[in-house]
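**Student:** Sequence and predicted model, in that order:
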Amino acid sequence: KLVSISFMLPYSGVDHAGGEYLLRHYRVLAEHCSTLDAFGPDLDRNPLAKARNSDVGYDSYRVHIPKFPEWRKSLFGKILARLWILLFPVYPDLGAVVSFRTSAELSECLRSADVVELQWFEYFFFAGLVRRINPTAKIIGVAHDIPSQRIERNLVTAPRFLRSAYIRYVSHLERRMLLRLDWAAAHSEKDAKLLGELSVSIDVAVLNPPMECLPLESHSLGELH
């Protein structure tokens, strides 16, 4: 029994490499697992993926999208979510944090899970929730990119001392998020090396999907937001 908590959920015809990779990944998992429960936030095109969950093609695959709290859609909620990301730039959207932590459906699936995978680095945040609900489940984190690298590029025009201090803070948050994982994976040797530098306590593997077979356009979590 496998639970996947992911920033996005895939569907046939998705127009970026991360989504196409995840679609093929889920097809393999659904073929070999008795159940594959995929949870995604109430954002972007995930409702479309839920409507087309048959694209994975196995009855073991089930899609869940916990609803964001109503206040998250208000002006106050949007401002609060923006402040949350400024304070915790490697964490998921505040709406996802609240909805996942309060989801009875997610808790029920986690209790019986043998393996839990967390897709996208930001969603490593939920490893603590998994450990609390099911201390024996194996937790695998799949990093599609390393947030600190993207954030550092975005701060290239900031004063050097501020940029340096903020990147150190971001790296501290990243190290904390790796603490509860049993295993991590990246899509390149470079990212795997960065994960290994952030944490020496977990094994890191490189998943090298045949990217030449995937759509050329690829987006990071931040770009999709």
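**Tutor:** Arrived safely, thanks for sending.

**Student:** quick one, what contacts the residue nearest to Leu110 when sequence neighbours are not counted?
**Tutor:** Of all residues beyond its chain neighbours, the one nearest Leu110 is Ile133 (4.5 Å), with distances taken as CB to CB, 6 or more residues apart in numbering. Placement of C-beta: from N, CA and C, glycine included. Counting by CB atoms under 8 Å, 6 or more residues apart in numbering, Ile133 touches 107, 110-111.

**Student:** Kindly report the same for Ile79.
**Tutor:** Residues near Ile79 by CB under 8 Å, 6+ apart: none.

**Student:** Name the residues of the helix or strand containing it that come out as buried.
**Tutor:** Using DSSP states H and E, Ile79 falls within helix 75-87. For helix 75-87, the neighbour count (16 or more other CB atoms under 10 Å) marks 77, 81, 84-85 as buried.

**Student:** for the protein, what spans make up the helices?
**Tutor:** Along the chain, the segments classed as helices by DSSP state H run 17-32, 46-51, 75-87, 94-101, 104-111, 127-133, 147-154, 160-178, 189-198, 221-224.

**Student:** mind saving the C-alpha coords of the third one as PDB?
**Tutor:** Provided in PDB are the C-alpha atoms of helix 75-87 (Å, rounded to 0.1, in the frame of the first residue of the first chain):
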ATOM      1  CA  LEU A  75      -7.800  38.400   0.100                       C
ATOM      2  CA  PHE A  76      -6.700  37.900   3.700                       C
ATOM      3  CA  GLY A  77      -5.800  34.300   3.000                       C
ATOM      4  CA  LYS A  78      -3.800  35.200  -0.100                       C
ATOM      5  CA  ILE A  79      -1.800  37.800   1.800                       C
ATOM      6  CA  LEU A  80      -1.200  35.300   4.700                       C
ATOM      7  CA  ALA A  81      -0.100  32.700   2.200                       C
ATOM      8  CA  ARG A  82       2.300  35.200   0.600                       C
ATOM      9  CA  LEU A  83       3.800  36.000   4.000                       C
ATOM     10  CA  TRP A  84       4.100  32.300   4.800                       C
ATOM     11  CA  ILE A  85       6.200  31.700   1.600                       C
ATOM     12  CA  LEU A  86       8.400  34.700   2.400                       C
ATOM     13  CA  LEU A  87       9.000  33.300   5.900                       C
END
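
**Student:** quick one: average confidence on it?
**Tutor:** Regarding helix 75-87, the rounded mean pLDDT is 94.

**Student:** and the residue nearest to Pro92 when sequence neighbours are not counted, what is it in contact with?
**Tutor:** Spatial nearest neighbour of Pro92, excluding adjacent residues (CB to CB, 6+ apart): Glu122 at 5.0 Å. Counting by CB under 8 Å, 6+ apart, Glu122 touches 7, 90-92, 147, 221.

**Student:** what's the answer for Ser4, then?
**Tutor:** Ser4 neighbours (CB under 8 Å, 6+ apart): 26, 29, 36-39, 116-119.

**Student:** tell me the pLDDT at it?
**Tutor:** At Ser4, pLDDT is 97.

**Student:** For the nearest residue to Asp203 once chain neighbours are set aside, give me its contacts.
**Tutor:** Spatial nearest neighbour of Asp203, chain neighbours left out: Trp183 (5.2 Å); criterion: CB to CB, 6+ apart. With contact set as CB under 8 Å, 6+ apart, Trp183 has these partners: 138-141, 202-205.
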